[in-house]
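Trainee: Starting from these lines, generate the structure:
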Amino acid sequence: MRVVSLVPSLTEAVAESGPGLLAGATDWCTHPAGLRVARVGGTKNPDVPAILALRPDLVVANEEENREPDLAALREAGTEVLVTTVRTLDDAFAELDRLLTGACGLPRPRWLDEAEAAWAAPEPPSAPRRAVVPVWRKPWMVLGRDTFAGDLLGRLGVRNVYADHADRYPRVPLDELNAAGADLVVLPDEPYRFTTADGPEAFPALPAALVDGRYLTWYGPSLVRAPAALRAALG
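Mentor: Alright, predicted model coming up:
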């Protein structure tokens with residue numbers, strides 16, 4: 001079987017679970033380290049002819065990360081496309097099983113069981129906290145309703161202040177973010193790369209938790225270590 005993945009976290013999941021299945025992946029697919037497959041552009045601008053030239057049996061995509069016109073072009077060319085929908089941790093576990101054991105015909109990977117066990121009863125912080133979670137600046141954008149990252153934070157005792165917003169990734173002026181009633185700002189290093197020198201200074205009254213975006217936003221083998229890594233960063 002030949003698989004092309006247009007989602008970095010699913011690239012890692014397929015590569016770890018079925019070595020040799022991946023024929024191509026995006027330029028943003030950085031894990032596992034040393035992955036050597038054909039590169040087919042970005043998640044938002046994949047090279048459709050290059051994908052078709054690889055003659056994949058399956059292209060793996062996500063409804064949030066990839067654009068429907070690109071997926072439609074692949075389908076019209078006769079390529080099977082599996083589109084995942086992941087907005088909660090439970091969604092992630094279900095979609096990973098559907099992809100790996102269903103579509104790819106692999107045995108259920110051990111890491112998936114380990115990830116479910118790691119998240120079965122994660123130890124929350126001693127007191128619940130309210131956070132704003134920027135994902136971009138210029139303009140400022142934050143986590144809103146119905147997001148995978150927001151669900152993970154909620155399971156660790158951190159409530160997203162904008163969890164009930166009408167938009168999933170609302171644009172909110174910085175002064176409103178600072179006045180939103182949060183007691184913490186969570187700054188991941190993707191999609192925008194927040195760092196100690198780029199982000200915390202915009203929230204002078206709030207402690208800043210800089211977190212590895214792979215543990216907050218990826219659904220794959222990283223879920224095994226994510227609870228411990230996020231707890232340490234949030235602490």
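Trainee: residues in contact with stretch 197-212?
Mentor: 131-132, 134, 137, 174, 177-178, 182-189, 194-196, 229-230, 233-234 (Cβ atoms under 8 Å, 6 or more residues apart in numbering). From N, CA and C alone the C-beta is placed, and that goes for glycine too.
Trainee: need the helices for the chain, in chain order.
Mentor: Here the chain has its helices, by DSSP state H, at 8-17, 48-53, 68-76, 89-97, 110-120, 148-155, 174-178, 213-217, 226-234.
Trainee: got those helices as CSV, with distance to Val40, mean pLDDT and mean neighbour count columns?
Mentor: Putting these into CSV (distance: least, Cβ to Cβ, whole Å; pLDDT from 0 to 100; neighbours: other Cβ atoms under 10 Å) gives the following:
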stretch, distance to Val40, mean pLDDT, mean neighbour count
helix 8-17, 11, 97, 24
helix 48-53, 5, 97, 16
helix 68-76, 10, 97, 15
helix 89-97, 21, 98, 18
helix 110-120, 25, 96, 16
helix 148-155, 24, 96, 20
helix 174-178, 36, 98, 14
helix 213-217, 21, 96, 21
helix 226-234, 27, 95, 18
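Trainee: where's stretch 22-40 relative to the chain centroid, distance-wise?
Mentor: Centroid separation for stretch 22-40 versus its chain: 16 Å, with Cα atoms, centre = their mean, to the nearest Å.
Trainee: first vs last residue of it, how far apart are they?
Mentor: Distance across stretch 22-40, first residue to last, is 12 Å (Cα to Cα, to the nearest Å).
Trainee: quick one: buried residues of that stretch?
Mentor: Leu22, Ala23, Gly24, Ala25, Thr26, Trp28, Cys29, His31, Val37, Arg39, Val40 (16 or more other Cβ atoms under 10 Å).
Trainee: ok, residues contacting it?
Mentor: Residues outside stretch 22-40 that contact it (Cβ under 8 Å, 6+ apart): 2-8, 11-12, 14-16, 41-43, 46-47, 50-51, 54-56, 214, 220-222.
Trainee: Give me the pLDDT for the residue nearest to Tyr169 when sequence neighbours are not counted.
Mentor: Using Cβ to Cβ, 6 or more residues apart in numbering and skipping the chain neighbours, the partner closest in space to Tyr169 is Met141 (5.2 Å). At Met141, the predicted lDDT confidence score is 98.
Trainee: Likewise for Pro124?
Mentor: Turning to Pro124, the model gives it a pLDDT of 66.
Trainee: circling back to that earlier point, between the buried residues of stretch 22-40, which is closest to Asp90?
Mentor: Closest approach between those and Asp90, by Cβ to Cβ: His31, at 22.8 Å.
Trainee: What does the pLDDT read for the closest one?
Mentor: Looking at His31, its pLDDT reads 95.
Trainee: how near is it to Leu143?
Mentor: 23 Å (Cβ to Cβ, to the nearest Å).
Trainee: what's the answer for Asp70, then?
Mentor: From Asp70 to Leu143 the distance is 25 Å (Cβ to Cβ).
Trainee: Could you give the number of residues near Leu156?
Mentor: Using other Cβ atoms under 10 Å, the number of residues around Leu156 comes to 20.
Trainee: hang on, it packs against Ala233?
Mentor: No: checked against Cβ atoms under 8 Å, the pair Leu156 and Ala233 is beyond contact range at 9.9 Å.
Trainee: Just the C-alpha atoms of stretch 8-19, please, in CSV.
Mentor: What follows is stretch 8-19 as a C-alpha-only set of coordinates in CSV (Å, rounded to 0.1, in the frame of the first residue of the first chain):
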residue,chain,number,x,y,z
PRO,A,8,2.0,16.3,9.9
SER,A,9,0.6,14.4,13.0
LEU,A,10,-1.0,11.7,10.8
THR,A,11,2.3,11.4,8.9
GLU,A,12,4.0,10.5,12.1
ALA,A,13,1.2,8.1,13.1
VAL,A,14,1.5,6.2,9.8
ALA,A,15,5.3,6.2,9.7
GLU,A,16,5.5,4.9,13.3
SER,A,17,2.8,2.3,12.8
GLY,A,18,3.5,1.0,9.3
PRO,A,19,7.1,1.6,8.2
